[in-house]
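Trainee: Only the shape, not the letters, is given here:
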């Protein structure tokens, strides 16, 4: 199988990651629960992961990295922990339902006003509208680091400047960008970065979290056992405990640590991201001229910027064939795994005009080869030629 | 090391569980995201786990088993999804902070009235007080299946009869009971059972969930991407999607499935629970007569019931030595891993009079041997003799 659904999960993990999880499953106790060598080993494993994530994201304090089972849980924690009754929030039509639905619920149940910044037909965020909507008194600006439909990055440093000028915090959903596009919380002025472990960071499913800048108050979401301050009736205030109730996934985090080591060993985010984007660009160059094929997003052709920052994602449609049918043909005819449909980003599809058809999304990883991309190009060509 | 901290996490996992996770990490895509063979494989793996958990708990509908990263997350989901503004809830002093803290927050922020049923000096729940407190109009009765401090089981069938007579739902925290004490949601009348995968179910950390009886409405807690109904602005109502936003831990759930197969292959919950309790009882018989040793909980000596249902947990203190010091001595002198302190169960310690000293908890697993227990007895004897 040619696996090109890495934006959903990187199916192929480095052997080191698998080995790290297997080893952890035979040795780890429960971090923060007791002082036995096994419990201490678990605590060390988790602390090492915290430090590596902090370095990856440019977060000055490792104890401000809190783990969660995926970026959806991290976003629920961040959004519900930052936004309160009657607040004003600005987000974008590029967002995934993991941002949209928590905000929709706050709008329905807590009188939160949510504004959605639009984009053009290529999926490029309307920065001028963003500037207009982020008025003084806005509590939070919540944006994706890169669209999971077009792959295009958002200039999060610019968003954060606009947010801070209005007194708002800037929250980034880095599900598609962490590990591919460099992130620097201090340099870019990001207040909260939510990430997942099982995509470009090469970790196992069940890992992820949020990194929070110093001085930013995120209220606890899940509360419960913490192994410390047992007699406090409320969740303790300390970091990262305040955002981490219950037993952490030490086995998974051992794997995430190995994934981050793998990134470092292969040149870091820059080198790995470049490969992933180069593979997506090769696909773009191969399919964009095929008659009947529509490619979505900004590939530099349309913008003054020759090479816009992006993730390794290419979405397309072939004529008016439903994206599900194209995806099925790719799997059955060529063994190519892609993902069709709406990709949990409803407003993006409204903007791109693909609500009914969906899009066929190809997404690359470090392990994607030129040969696999060339096969995908050939497959799309044959499908387009009927 | 002699690992006797299995109530925190079963450090030793069956090799089949480790293998299942390692295999999954090389083959699984993202369940519910696409129709590729890898995505379908992930969906099958997760569905099989759902079916096995449903059988384990006597839950008639596998689709009413929703996964969560641990029982704390499951309890936050259940409690916040069932209890609303101004409701009345009855719980017990036996509970873990994963029950107490979500309720304390609802009391502080949503005007929820929370009553705590007491226990006697042996940690036995005061069922008469429970009957008095569960008045008509009570929304939920939330009890542990077995105390994580004394190991004693609660008669959840009786609690559920009392709850239902008052029109309340019965929620059980099965963190310490699932896999050791048989659970039958239909037979025992349980409305919600929250469980964790990484203890007696032999699964990896990062797994757990809640099983919900038909007709019981648990509102979504985390909301976000679901891979279906992408254009619905709110979390879809379908089971189990309503309670499962974001990418599930397919790798971990493959391991949990293998853990549940391991249970079945070794005689099921009954046989495995009997071994775990027999090992704890052997420890009880060895240490209870040692001068200066105080053992907590009901071991049948004090009750009309010769063999009360329990988990494989024994908590003790030696004279007035702090539990942390005893636990350290056990680790350093004999390589025995136990857990000292308050075990996130503050009200239980108030009831047992161990708030300051904490307790040294020994907890067994299927892999615990008589020789290990005899070594632990000898170690406690030597510590007690100074």
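Mentor: Right, received. Where do you want to start? Predicted, not measured: the structure shown is a model, and the values here were computed from it.
Trainee: near chain B, which residues of the stretch 101-250 of chain A show up?
Mentor: Those residues of the stretch 101-250 of chain A that sit near chain B, judged by C-beta under 8 Å from any C-beta of the partner chain, are A:101-102, A:104-105, A:108, A:196, A:198, A:204-207, A:221-227, A:230-231, A:233-235, A:245-250. C-betas here are computed from N, CA, C, even on glycine.
Trainee: A helix includes residue A:114, no?
Mentor: No: checked against DSSP: H, G, I helix; E, B strand; the rest coil, residue A:114 lies outside a helix; its state is strand.
Trainee: how much space is there between it and chain B?
Mentor: 11 Å (C-beta to the nearest C-beta, to the nearest Å).
Trainee: Pretty sure residue A:107 is one of the things that residue touches, is it not?
Mentor: Yes: with contact defined as C-beta atoms under 8 Å, residue A:114 and residue A:107 form a contacting pair (5.0 Å).
Trainee: If you count neighbours, what's buried in the helix or strand hosting residue A:24?
Mentor: Taking DSSP states H and E as the criterion, residue A:24 maps to helix A:15-27. Of the residues in helix A:15-27, A:16, A:17, A:18, A:20, A:21, A:22, A:23, A:24, A:25, A:27 count as buried by neighbour count, 16 or more other C-beta atoms under 10 Å in any protein chain shown.
Trainee: same check, this time on stretch A:53-69
Mentor: Within stretch A:53-69, the residues that count as buried by 16+ other C-beta under 10 Å are A:53-54, A:56-59, A:62-69.
Trainee: Now, those residues that are in strands?
Mentor: Among the buried residues of stretch A:53-69, the members found in strands (DSSP state E) are A:65, A:66, A:67.
Trainee: Could you dump the residues you listed into TSV and include distance to residue A:171 and pLDDT?
Mentor: Output for those, formatted as TSV (distance: C-beta to C-beta, whole Å; pLDDT from 0 to 100):
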residue	distance to residue A:171	pLDDT
A:65	15	98
A:66	14	98
A:67	17	98
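Trainee: Out of those, which comes closest to residue B:46?
Mentor: Each of those was scored against residue B:46 by C-beta to C-beta, and residue A:67 proved nearest at 21.4 Å.
Trainee: which residues does that closest one bridge with?
Mentor: residue A:209 (DSSP bridges).
Trainee: Next, the buried residues of stretch A:285-295.
Mentor: A:286, A:287, A:290, A:293, A:294, A:295.
Trainee: repeat for stretch A:148-162
Mentor: Result for stretch A:148-162 [16+ other C-beta under 10 Å]: buried residues A:148, A:149, A:150, A:151, A:152, A:153, A:154, A:156, A:159, A:160, A:162.
Trainee: distance between stretch A:163-178 and the chain's centre?
Mentor: 13 Å (C-alpha atoms, centre = their mean, to the nearest Å).
Trainee: Straight-line length of that stretch, end to end?
Mentor: Distance across stretch A:163-178, first residue to last, is 21 Å (C-alpha to C-alpha, to the nearest Å).
Trainee: any idea of the mean pLDDT in it?
Mentor: Confidence for stretch A:163-178, expressed as mean pLDDT, is 98.
Trainee: What of stretch A:255-272?
Mentor: Stretch A:255-272 carries an average pLDDT of 96.
Trainee: what's that stretch in contact with?
Mentor: With contacts defined as C-beta atoms under 8 Å, 6 or more residues apart in numbering or on different chains, stretch A:255-272 is touched by A:13-14, A:16-21, A:24, A:45, A:48-49, A:52-53, A:56, A:179-183, A:197, A:200-204, A:207, A:366, B:25.
Trainee: can you tell me which of the buried residues of stretch A:53-69 lies nearest to chain B?
Mentor: Comparing the buried residues of stretch A:53-69 against chain B with C-beta to the nearest C-beta places residue A:69 closest, at 3.9 Å.
Trainee: which residues sit in contact with that closest one?
Mentor: With contacts defined as C-beta under 8 Å, 6+ apart, residue A:69 is in contact with A:206, A:207, A:208, A:249, B:68, B:69, B:73, B:206, B:246, B:249.
Trainee: Excluding chain neighbours, give the residue nearest to the residue at the greatest distance from the centre of chain A in space.
Mentor: Most distant from the centre of chain A: residue A:231, at 36.5 Å, with distances by C-alpha atoms, centre = their mean. In space, and not counting its chain neighbours, residue A:231 is closest to residue B:346: 4.6 Å by C-beta to C-beta, 6 or more residues apart in numbering or on different chains.
Trainee: ok, now residue A:64?
Mentor: residue A:212 is the one closest to residue A:64 (C-beta to C-beta, 6+ apart), at 4.8 Å.
Trainee: which phi and psi does the one you found have?
Mentor: phi -130, psi 130 (degrees, to the nearest 10).
Trainee: Can you report how many residues lie near residue A:108?
Mentor: Residues lying near residue A:108 (other C-beta atoms under 10 Å in any protein chain shown) number 11.
Trainee: What are the buried residues along stretch A:232-246?
Mentor: Per 16+ other C-beta under 10 Å, stretch A:232-246 contains these buried residues: A:235, A:236, A:239, A:240, A:241, A:242, A:243, A:244, A:245, A:246.
Trainee: thinking again about what came up before, ok, of the buried residues of stretch A:148-162, which one's closest to chain B?
Mentor: Nearest to chain B among the buried residues of stretch A:148-162 is residue A:148, at 9.2 Å by C-beta to the nearest C-beta.
Trainee: what sits against that closest one?
Mentor: Contacts of residue A:148 by C-beta under 8 Å, 6+ apart are A:7, A:96, A:175, A:176, A:311, A:313, A:343, A:344, A:345, A:361.
Trainee: Neighbours of the second one, how many?
Mentor: It refers to residue A:96. What residue A:96 shows, counting by other C-beta under 10 Å, is a neighbour count of 27.
Trainee: Also the last one?
Mentor: With neighbours defined by other C-beta under 10 Å, the count for residue A:361 comes to 27.
Trainee: pretty sure it is touching residue A:342, no?
Mentor: No: applying C-beta under 8 Å as the test, residue A:361 and residue A:342 come out as separate, 10.3 Å apart.
Trainee: Under a three-state scheme, what state does the residue of the stretch 51-200 of chain A found nearest chain B occupy?
Mentor: Minimum separation of the stretch 51-200 of chain A from chain B (C-beta to the nearest C-beta) falls at residue A:72, amounting to 2.7 Å. Reduced to three states with three-state DSSP, the structure at residue A:72 is helix.
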